[in-house]
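[1] Sequence isn't available, so here's the structure alone:
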């Protein structure tokens, strides 16, 4: 069976990562620079800034001169890492076999998902919907190789300088009519109206490109060579040869290309032919999730800090929902003014995705143990846990809804403390009246009422006595070693306390 690979690619990833962590910049003419200096170049430009004449590659000073209204910012590393993790969570919600190639790009194996979704077009649209739920506008490409899927994702949508994404007709290819037919298949798959499923809204036209198995070479033929991302030396050499499209490169002899461009030229030729260039190696499954934000001004009050923390926890809850998990443990990492650091663990009784309940726990911890200095940055490290699901019994007693139960337990823990919430349990000790608190986990299977009044006891059963006479008794232990005196009165000795 041929492997089918999907690629999710986020255009202008630094801009989207910054807007995801700062929603107030959603409509601003934003440009992201490589550093805080006016001489640092712009690495990403939002559409609003591009409409004002700002382009990537300009310096920050040049951008402000061209468009005084443009906002030049530096994307924090924590925001970019969190957005990249969120994109990986989207892919992980569809397939455990995924690999992150570049920041803002992830590829995943979708070969076994067609029976579930019905078609690869449906898979691509559902992937894009999930990306929007975590605050990312992505493009999707599906093909039989990683390289072609990456190119297909970049052909989706409206990308400047790419003929395949301009919405117009494709240039004539060297591959003949077969290549033109493959392009029509890909464009028709991307432009099909999204009538599948429910959610925040259908994927826009042109946001996904699906290349059928066997049509890779015909699809690649009319595309400009810039989409193959050749190195500077290879791009200059191909330009001197007069090559403009992938089909023109594919018509050359691979051996001759390799002699002049080396291994990089061979890889380019294989990609131009629609062949696999490198093996798909999935990444290991990630256990912990992390989100954080760097603050422009230090925060010294509780309410503004909780407002920032609620946004972080809300984004984490969206990512956990994609994985079918909840907050099992939360560790808040605070970066304080003056190079200080503080960690605040939040103990949860049961996994939940209720952000207000987790926020209430954070409030209790901060009120009891203030950080002692203004906060310049905050990050949340989450240990995921499977949200409990239960199958009700037709004849048993009704059980509480698992989602509401987890939320209730988390809120009770916020009110009285996690160590005081649970189910009563009998500890293994000699002390009368001793008790313990165990995690509250009701039995999912229900219970059957059985009358054992007339049934004989099972073999080896020992009758249990109910005589608890509160008096002191003496039990001889050895003839010349005295006796053990045990107090059975109303006082409760500590565990293991026995006097002789």
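    That came through fine. What you are looking at is a predicted structure, and each value in this text was computed from that prediction instead of being measured.

[2] So the closest residue to residue 36 other than its chain neighbours versus residue 81, what's the distance?
    Nearest non-adjacent residue to residue 36, counting by CB to CB, 6 or more residues apart in numbering: residue 74, 5.6 Å away. Just so you know, the C-beta spots here come from the backbone N, C-alpha and C atoms, and that holds for glycine as well. Distance of residue 74 to residue 81, given as CB to CB, to the nearest Å: 14 Å.

[3] and what of residue 270?
    Distance from residue 270 to residue 81, by CB to CB: 32 Å.

[4] Helix or strand with the lowest mean pLDDT in the protein?
    In the chain, no helix or strand scores lower on mean pLDDT, DSSP states H and E than helix 177-191, which sits at a mean of 35.

[5] Give the other helices and strands that the helix or strand following it contacts.
    Helices and strands here follow DSSP states H and E; after helix 177-191, the next one along the chain is strand 208-210. Here strand 208-210 touches helix 120-133, strand 139-143, helix 146-155, helix 177-191, going by 3 or more CB pairs under 8 Å, 6 or more residues apart in numbering; DSSP states H and E.

[6] again, only using 7 Å
    helix 120-133, strand 139-143, helix 177-191 (3 or more CB pairs under 7 Å, 6 or more residues apart in numbering; DSSP states H and E).

[7] Can you work out which other helices and strands pack against the next helix or strand after it?
    Per DSSP H and E, strand 208-210 leads on to helix 216-220 as the next helix or strand towards the C-terminus. Applying 3+ CB pairs under 7 Å, 6+ apart, one finds that helix 216-220 contacts helix 146-155, helix 177-191.

[8] max-length helix in the protein?
    helix 302-323 (DSSP state H).

[9] who touches the helix or strand following that helix?
    Next helix or strand after helix 302-323 toward the C-terminus (DSSP H and E): strand 325-336. With CB atoms under 7 Å, 6 or more residues apart in numbering as the test, strand 325-336 has contacts from 320, 341-346, 348, 351-353, 358, 362, 371, 373-387, 406.

[10] what's residue 59 in contact with, if anything?
    Going by CB under 7 Å, 6+ apart, residue 59 touches 38-41.

[11] And for residue 81?
    If a contact means CB under 7 Å, 6+ apart, then residue 81 has no contacts.

[12] returning to that earlier point: the contacts of strand 325-336 in strands, which ones?
    341-346, 348, 351-352, 375-386 (DSSP state E).

[13] my guess is residue 86 contacts residue 317, does it?
    No: shown here, residue 86 and residue 317 do not form a contact pair, counting by CB atoms under 7 Å, at 11.6 Å.

[14] neighbour-wise, which of these two wins?
    Shown here are residue 86 and residue 317; by other CB atoms under 10 Å, residue 86 has more neighbours (25 against 17).

[15] In a strand, the more buried one, correct?
    No: secondary structure assignment places residue 86 outside any strand; it is helix (DSSP: H, G, I helix; E, B strand; the rest coil).

[16] Now it: closest residue in space that isn't a chain neighbour?
    In this structure, residue 86 finds its nearest non-sequential neighbour in residue 134, 4.3 Å apart by CB to CB, 6+ apart.

[17] so how far is residue 308 from the one you found?
    Going from residue 134 to residue 308 by CB to CB gives 18 Å.

[18] dump the residue contacts of residue 96.
    Residue 96 makes contact with residue 285, according to CB under 7 Å, 6+ apart.

[19] What does it show for phi and psi?
    Here is the backbone geometry of residue 96 (degrees, to the nearest 10): phi -80, psi -10.

[20] On the pLDDT front, check it for me.
    On the pLDDT scale, residue 96 is placed at 86.

[21] quick one: residue 28 from residue 69, how far?
    According to CB to CB, residue 28 stands 9 Å off from residue 69.

[22] With neighbour numbers in mind, choose between these two.
    Using other CB under 10 Å as the criterion, residue 28 and residue 69 rank with residue 28 on top: 16 against 11.

[23] my guess is that one meets residue 72, correct?
    No: applying CB under 7 Å, one finds residue 28 not in contact with residue 72, separated by 10.9 Å.

[24] The most centrally placed residue in the chain: what's its closest spatial neighbour, skipping adjacent residues?
    In the chain, the centroid-proximal residue (CA atoms, centre = their mean) is residue 89; its distance is 3.0 Å. Distances taken as CB to CB, 6+ apart put residue 319 closest to residue 89, at 4.4 Å, once the chain neighbours are dropped.

[25] Show the contacting residues for that neighbour.
    Each residue near residue 319 by CB under 7 Å, 6+ apart is listed here: 86, 89, 134, 289.

[26] Now the second one: which helix or strand?
    By that I understand residue 89. Short version, using DSSP H and E: residue 89 is in helix 77-92.

[27] ok, the next helix-or-strand element following that helix: who's next to it in the sheet?
    Elements were assigned by DSSP H and E; along the chain past helix 77-92, the next helix or strand is strand 98-100. Strands adjacent to strand 98-100 in the sheet, as given by DSSP bridges, are strand 105-109 (antiparallel).

[28] Compute the inter-axis angle for the strand it pairs with and helix 77-92.
    Comparing the axes of strand 105-109 and helix 77-92 via axes from the mean of the first three to the mean of the last three CA atoms, to 10 degrees yields an angle of 20 degrees.

[29] List the buried residues for strand 105-109?
    Within strand 105-109, the residues that qualify as buried are 105-109, counting by 16 or more other CB atoms under 10 Å.

[30] After it, which helix or strand is next?
    Stepping forward along the backbone from strand 105-109, the first helix or strand reached (DSSP H and E) is helix 114-117.

[31] Can you mark which positions in that next one are buried?
    Taking 16+ other CB under 10 Å as the criterion, helix 114-117 shows residue 117 as buried.

[32] give me the number of residues near the closest residue to residue 382 other than its chain neighbours?
    Take residue 382 and drop its neighbours on the chain: the residue closest to it by CB to CB, 6+ apart is residue 289, 4.5 Å away. Neighbourhood size, residue 289 [other CB under 10 Å]: 23.

[33] right, and residue 289 touches residue 384 too?
    Yes: counting by CB under 7 Å, residue 289 does reach residue 384; the two are 6.4 Å apart.

[34] any idea of the pLDDT on the residue nearest to residue 89?
    Looking at residue 319, its pLDDT reads 87.

[35] Distance of it relative to residue 75?
    In this view, residue 319 and residue 75 are 19 Å apart by CB to CB.

[36] In contact with residue 385, which residues?
    325-326, 328, 351.

[37] Among the residues you listed, list the two that are farthest apart in space.
    Across the contacts of residue 385, no pair lies farther apart than 325 and 328, at 7.7 Å, counting by CB to CB.

[38] How many neighbouring residues does residue 359 have?
    Per other CB under 10 Å, the neighbour tally for residue 359 reads 17.

[39] ok, residues contacting stretch 98-111?
    1, 3-10, 13, 80, 84, 87-88, 91-92, 94-95, 97, 120, 123, 142, 146, 149, 280-283.

[40] so where's this protein shaky on pLDDT?
    Scanning the chain with the threshold set as pLDDT under 70 gives 1, 158-206, 388-407, 414, 441-500.

[41] tell me which element residue 298 is part of?
    Residue 298 is located in strand 289-299, with elements delineated by DSSP H and E.

[42] Show me what that strand is packed up against.
    Of the remaining helices and strands, those touching strand 289-299 by 3+ CB pairs under 7 Å, 6+ apart are helix 77-92, helix 302-323, strand 375-386.

[43] Tabulate these (JSON lines), appending distance to residue 250.
    JSON lines is the format used below for the helices and strands packed on strand 289-299 (distance: least, CB to CB, whole Å):
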{"stretch": "helix 77-92", "distance to residue 250": "30"}
{"stretch": "helix 302-323", "distance to residue 250": "39"}
{"stretch": "strand 375-386", "distance to residue 250": "45"}
